[in-house]
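>>> Just the structure for this:
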Amino acid sequence: MRLISLSLLLSISFCQSFINPQRPQIHLLKWEEINSNQILTSKVAPLVNFNLYSSRITSFYFSENKSDGILKSEIFPEVSINNNDGTRIRFYGSAGITLSERLSIQNEFEFDNKGENDPHFQGIERGLENGWVGYLQHSSLTYNYSLGHLSIGRGNPYFYNMNESLFLNSNFPPTEYVWWQHKNQWLQFDWGILMLNQEESLNRFITFHRYGITKNNWRVGFTEAVMGSYENWGASETGYIMPAAVLLETEENRGTNANLMWLLDGMVKWNNWTFYGELLIDDFAIDGQSPPQIAGSFGFGKKFGKTLYNIEYTRINRWTGNYCDTTHIHTWIERNVPIGHSIGSDAHNLLISSYFPFNEKLAVELSFNWKEDGGGTALERLKDWPDDVPCETNFGYISEVFPSVSNITSSGETKFYYIIQDWMLAEIQISVNKKMPPLFKTTFSFHLD
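Numbers count the residues shown, from 1 in each chain. Predicted structure coming up:
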């Protein structure tokens, strides 16, 4: 009773504009994409909710609630019980104001009784000493127009790649951002700035722009991005964030030292098949004297009857996402969470998954993940760099092996989803990893508005 009372007390606002990547079951959106004959999801996200997701289980968290009123809200209480850390209680919700037909404020909040262990949480526990924390996962002011939108706020702009992106993932904590997306016929342009946390008393930022060609059944895009740092903002830093900037030229001639990356991405729909991939170029020694700091991801999905399948292979070379300075100011990490793919560098993995809906209310999802890496954690491998090797110095290519050490892990997972009522979803999860005890988890989620 207290759970429902608190949910009603917190339900105070509006019609959702963006799908928050930290909402539960966000990964189920890939099955909607594989099930569709046309491309549904934009490459750069958060995703705009246009009520495209028809599955009742998926739309439990992503259905669009249009309203003529100024204030509207959704609240999702969640209770999870597992054999490892007991009971966890969370409240997800949206709260916002429709200022006009084009202008809106959106807030996505979370209350969590074990939130200190959540990688998305920034801050400290205040007032209570039993683990409860509350924070905004997303807070934005967005201007929508017929060809796109401009959003300013705090959140997780990221690149959508079915499972995880090599460049900009949704896993790292929310950060202040500016994001402009514009579409004109077949051309889509995205420009963004993310203000990261301080390292070694220096402020950090990521700026990117992506040029993409998008059709109903295929798309391709090119992204140029840099991670930079500054003590005092000046002309050199401003040159990076201009929407039309050529970042390579800026880096070479007018900018400060930064970590520059390129990303190529694509997706094709053909005869119930969905093919997609990314190629990330962090650095490439033209003379062949140093290992190429590159990464690649390729996957495909297929619909056979009612069953959906997805197979994806990802490889990230050693040193990719790293940088030559020992302070790690320009390493692809934010608050001890990888900004790119969660496996880190010096690793590759194979993910096989499937989804079968028995009916509108019951479905099962199966997945198997095989990974080989160079040992240690993803953060340790991202921060690894050859001793006493200064910047712009070759350090040997022929002797470089991949991965540097063979450390293999494999895991399997089964999830059952069942809609008990239109406002209540049950999830049963069984996870097996040979290096950890089996996990048994039961979650009950509620949709109140």
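>>> what sits against the most centrally placed residue in the chain?
Centroid-nearest residue in the chain, with C-alpha atoms, centre = their mean: Ser170, separated by 2.0 Å. Counting by C-beta atoms under 8 Å, 6 or more residues apart in numbering, Ser170 touches 21-22, 26, 45, 156, 158. All C-beta spots, glycine's among them, are computed from the backbone N, C-alpha and C.
>>> could those go into TSV alongside distance to Phe205?
Formatted as TSV, the contacts of Ser170 follow (distance: C-beta to C-beta, whole Å):
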residue	distance to Phe205
Pro21	20
Gln22	22
Ile26	26
Ala45	20
Asn156	15
Tyr158	16
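>>> Among these, which lie within strands?
Among the contacts of Ser170, DSSP state E puts 45, 158 in strands.
>>> What separation is there between Lys72 and Ser140?
In this view, Lys72 and Ser140 are 16 Å apart by C-beta to C-beta, to the nearest Å.
>>> ok, now Ser297?
Ser297 is 28 Å from Ser140, by C-beta to C-beta.
>>> do Gly277 as well
Gly277 is 30 Å from Ser140, by C-beta to C-beta.
>>> and what of Leu263?
24 Å.
>>> Next: Ala244.
Ala244 sits 24 Å away from Ser140, taking C-beta to C-beta as the criterion.
>>> Between these two, point out the one with more neighbours.
Taking other C-beta atoms under 10 Å, Ala244 and Ser140 do not tie; Ser140 has more neighbours (23 against 7).
>>> If you drop the residues flanking it in sequence, what lies closest to the more buried one?
Gly153 (3.1 Å; C-beta to C-beta, 6 or more residues apart in numbering).
>>> I'd like to know which elements the helix or strand where the one you found lies is packed against.
Gly153 belongs to strand 148-155 when assigned by DSSP states H and E. Using 3 or more C-beta pairs under 8 Å, 6 or more residues apart in numbering; DSSP states H and E, the elements in contact with strand 148-155 are strand 133-145, strand 175-184.
>>> Out of the ones you listed, which gets nearest to Gly376?
strand 175-184 (26.0 Å; C-beta to C-beta).
>>> For the closest one, list every residue counted as buried.
Neighbour-count burial for strand 175-184 flags 175, 177-181, 183 (criterion: 16 or more other C-beta atoms under 10 Å).
>>> can I get the CA coordinates of that strand in CSV?
Presented in CSV, the C-alpha positions along strand 175-184 are these (Å, rounded to 0.1, in the frame of the first residue of the first chain):
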residue,chain,number,x,y,z
THR,A,175,25.9,14.3,-18.3
GLU,A,176,25.0,17.9,-19.4
TYR,A,177,24.5,18.0,-23.2
VAL,A,178,23.3,19.9,-26.3
TRP,A,179,22.0,17.8,-29.2
TRP,A,180,20.6,19.0,-32.5
GLN,A,181,19.1,16.5,-35.0
HIS,A,182,17.9,17.7,-38.4
LYS,A,183,16.5,15.7,-41.3
ASN,A,184,16.0,16.9,-44.9
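>>> quick one: that strand to strand 133-145, angle?
20 degrees (axes from the mean of the first three to the mean of the last three C-alpha atoms, to 10 degrees).
>>> what lines up beside strand 175-184 in the sheet?
If you go by DSSP bridges, strand 175-184 pairs up with strand 148-155 (antiparallel), strand 187-199 (antiparallel).
>>> can you put those strands in a markdown table and add mean pLDDT, mean neighbour count and distance to Phe444?
Shown next, in a markdown table, are the strands paired with strand 175-184 (pLDDT from 0 to 100; neighbours: other C-beta atoms under 10 Å; distance: least, C-beta to C-beta, whole Å):
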| stretch | mean pLDDT | mean neighbour count | distance to Phe444 |
| --- | --- | --- | --- |
| strand 148-155 | 95 | 19 | 27 |
| strand 187-199 | 94 | 18 | 35 |
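>>> Which of those strands sits closest to Asn272?
Of the strands paired with strand 175-184, nearest to Asn272 by C-beta to C-beta is strand 187-199, at 24.9 Å.
>>> so what's Trp423 up against?
Per C-beta under 8 Å, 6+ apart, neighbours of Trp423: 446-448.
>>> Cross the residues you listed against strands and list the overlap.
Applying DSSP E to the contacts of Trp423, the entries found in strands are Phe446.
>>> from the contacts of Trp423, which has minimum pLDDT?
Model confidence across the contacts of Trp423 bottoms out at Leu448, which has 83.
>>> distance of that residue from Tyr92?
Leu448 is 11 Å from Tyr92, by C-beta to C-beta.
>>> One more: Ile75?
Between Ile75 and Tyr92 the computed distance is 7 Å (C-beta to C-beta).
>>> what does Thr307 give?
29 Å.
>>> same question, Lys30
20 Å.
>>> Tell me who's in contact with the nearest residue to Gln22 once chain neighbours are set aside.
Nearest-residue entry for Gln22: Gln137, 4.9 Å, with adjacent residues in sequence omitted and distances by C-beta to C-beta, 6+ apart. If you count contacts by C-beta under 8 Å, 6+ apart, Gln137 has them with 20, 22, 108-110, 120, 155-156, 174.
>>> for the protein, what spans make up the helices?
Taking DSSP state H to define them, one finds helices in the chain at 2-10, 29-35, 59-62, 235-241, 247-249, 378-383.
>>> where does the stretch 151-300 of the chain have low pLDDT?
The model of the stretch 151-300 of the chain has no residue with pLDDT under 70.
>>> Now with 90, please.
156, 170-173, 198-201, 234-237, 245, 247-258, 283-292 (pLDDT under 90).
>>> just the strands in it please.
For the stretch 151-300 of the chain, the strands defined by DSSP state E, counting those that start in this stretch occupy 158-159, 175-184, 187-199, 202-214, 218-230, 259-270, 273-283, 293-304.
>>> As CSV, the ones you listed with distance to His348 would be great.
Shown next, in CSV, are those (distance: least, C-beta to C-beta, whole Å):
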stretch, distance to His348
strand 158-159, 19
strand 175-184, 28
strand 187-199, 27
strand 202-214, 25
strand 218-230, 22
strand 259-270, 18
strand 273-283, 13
strand 293-304, 9
